[in-house]
Structure formats: structure tokens, C-alpha cells
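Visitor: Mind looking at a prediction? Sequence and model below.
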Amino acid sequence: MATVDVDIKKLLEAGVHFGHKTSRWHPKMAPYIHSKRNGSHIIDLTKTVEGLDKALDFIADTASQGKQVLFVATKRQAQNIVKEAAESVKMPYVTERWLGGMLTNWNTIGAQIKVLKDLEAKMESGELANKYSKLEVQRYQEEIDQMNEIYGGIKNMAARPGAVFVVDVNHDANAVREANKLHVPIVAVVDTNTDPSNITYPIPANDDAIKGIQLITDYIKQAVQQGQAKVKTADKDEVKKEGDK
């Protein structure tokens, strides 16, 4: 049963079916290709719907267990879309640059995040202002801003997320590699020039069209929200049981 209703007409209107030039295709995408048009591949939207249905059910189930979904999109046209979606459902995200080890070397990354949080706490409490000059405080603020640019999106991420959502698997190959190394399930858009075999839940679609990226990311966000709603309902039921005792 699909968690979120996927509208194939909206996918068509968003240009999700337009693949790359036939010369740039990856042979493993063959099952998802409908035809060729003007030298480019056309993605089979029925396969896109199938992929989305499976991916959305998985994302909703992951969120319903209280697990986090890490949103990843570092290419320009997807950054703001993915950041806004992740922030709206309070999920971690990487939209600036994927640092090596963000998943596989969490001890080191976590230590940097601890430094960031400590600085922020001292800045907010006024401890830095009381101890240092205005110029020194300004430098600390600049350091906080720089660290937030790198780590801000994963500041509240658990050591290992329950899933990773990737918009462009070629552009963010390092994220895919690290998730696979740790056996973290990956939900990803796979265009005709990508290898879908190392993606747990592939969504065959154009990974460049802004409208398409927005639509698919919105579906992912809705699935997260539905999963989160189940957690809240379960919590309320638990509180009610405790109250009835």
C-alpha cells in the first residue's frame, strides 16, 4: 500500500521522464527506459511510480520507528529545495559539501560538532562576551558560522541514520559509497546515466529538472511526515494507557 499518493500526471508535467543523451546512458538503467526521442532516452514513468511507491513506504516506515532520514543534495539546483524539505521535518541534511567520513568516521565528525555546540552555548550564555573583547567575540562568531556551513545540517544527527535520500547519485557518489559501506539503506533518484544497482530504493527520474527534484523531494517529505505522525499517535496512546492505570 502506497503511503503517499503519487500522481503520474504531475511527474509528466515536471519533466521527470526526460533522460540524458543516449550516448551517456548506463546499461543497467535499461529496465527503466521506455523509448528514445531526439537522441535522448525517455524514462518509463510507470517504473518511476513503482519506485516511488516502494521508496515512500520505506521512508514512512523508517520515520515511524523514530529513525532519521539524511537528505543529501550538494548540486546547486537541488540545494535549497532539499534543505527546506529536511528542515521542515527536522531531519539532518548535507547540501554544501560532503566531507569524507560524515558517515564512516562519525567519531571525528562528532567531535567537531561537539566543538560547534560548545561554542554556540558559550556565545548564547554570554560567556564569550564576558571573557573576550568585541573583536575576539566576532572571530568566535565567524568560526561558529563557518562550522555551521559545514556541519549545521547534521548537528543533530544520530551516529547512523535509518536511511539516506540522495538526489543525484553521480554528484554525491561519496555519500552513496559511505552509506553502502555501513549498509544504510539508500533512496535515490537514478537518471539514465547512473548505475542503480547499488541503490536500495531506486527512483528512475530526471535528476536535473528543478520541478522534478521539487516534486520528488516533496513526496519524500510527505512520507517522513506520515511516519512521524504514527510516532506521535503511538506516544499519545502510551500516555493514555499510563493515565488509565
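Guide: Arrived safely, thanks for sending.

Visitor: Can you tell me what sits against the host helix or strand of residue 122?
Guide: Assigned by DSSP states H and E, residue 122 falls within helix 106-125. In this structure, residues lying in contact with helix 106-125 by CB atoms under 8 Å, 6 or more residues apart in numbering are 99, 101-102, 128-129, 137, 140-141, 143-144, 147-148, 150-151, 154-155, 159-160. The C-beta positions use only the backbone N, C-alpha and C, and glycine is treated the same way.

Visitor: How far off centre is the helix or strand following it?
Guide: For helix 106-125, the succeeding helix or strand toward the C-terminus, using DSSP H and E, is helix 127-131. What separates the centre of helix 127-131 from the centre of its chain is 37 Å, taken as CA atoms, centre = their mean, to the nearest Å.

Visitor: Give the other helices and strands that the next helix-or-strand element following helix 127-131 contacts.
Guide: On the C-terminal side of helix 127-131, the nearest following helix or strand under DSSP H and E is helix 134-151. Using 3 or more CB pairs under 8 Å, 6 or more residues apart in numbering; DSSP states H and E as the contact criterion, the neighbours of helix 134-151 among helices and strands are helix 106-125, helix 127-131.

Visitor: can you put those helices in TSV and add distance to residue 69, mean pLDDT and mean neighbour count?
Guide: TSV is the format used below for the helices and strands packed on helix 134-151 (distance: least, CB to CB, whole Å; pLDDT from 0 to 100; neighbours: other CB atoms under 10 Å):
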stretch	distance to residue 69	mean pLDDT	mean neighbour count
helix 106-125	17	95	14
helix 127-131	34	95	13
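
Visitor: Quick one, which of the ones you listed gets closest to residue 200.
Guide: Using CB to CB as the criterion, the shortest distance between residue 200 and these is 20.2 Å, found for helix 106-125.

Visitor: And for residue 136, the neighbour number?
Guide: One way to gauge burial is a neighbour count; for residue 136, by other CB atoms under 10 Å, it gives 12.

Visitor: In the protein, mark out all the strands, start to finish.
Guide: Along the chain, counting by DSSP state E, strands occupy 18-21, 33-37, 40-43, 69-72, 93-94, 163-166, 186-190, 201-204.

Visitor: can I get those in JSON lines with mean pLDDT and distance to residue 114?
Guide: Converted to JSON lines, the strands of the chain look like this (pLDDT from 0 to 100; distance: least, CB to CB, whole Å):
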{"stretch": "strand 18-21", "mean pLDDT": "93", "distance to residue 114": "42"}
{"stretch": "strand 33-37", "mean pLDDT": "93", "distance to residue 114": "47"}
{"stretch": "strand 40-43", "mean pLDDT": "96", "distance to residue 114": "44"}
{"stretch": "strand 69-72", "mean pLDDT": "98", "distance to residue 114": "19"}
{"stretch": "strand 93-94", "mean pLDDT": "98", "distance to residue 114": "18"}
{"stretch": "strand 163-166", "mean pLDDT": "98", "distance to residue 114": "23"}
{"stretch": "strand 186-190", "mean pLDDT": "98", "distance to residue 114": "27"}
{"stretch": "strand 201-204", "mean pLDDT": "98", "distance to residue 114": "32"}
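
Visitor: re earlier: compute the inter-axis angle for the helix holding residue 122 and helix 134-151.
Guide: Helix 106-125 and helix 134-151 are oriented at 140 degrees to each other (axes from the mean of the first three to the mean of the last three CA atoms, to 10 degrees).

Visitor: what about helix 106-125, distance to the chain center?
Guide: In terms of CA atoms, centre = their mean, the gap separating the centre of helix 106-125 from the centre of its chain is 23 Å.

Visitor: so what's the residue positioned nearest the centre of the chain up against?
Guide: Centroid-nearest residue in the chain, with CA atoms, centre = their mean: residue 71, separated by 1.4 Å. Applying CB under 8 Å, 6+ apart, one finds that residue 71 lies in contact with 82-83, 85-86, 91-95, 165, 217, 220.

Visitor: ok, it to residue 64 distance?
Guide: Residue 71 is 18 Å from residue 64, where distance means CB to CB, to the nearest Å.
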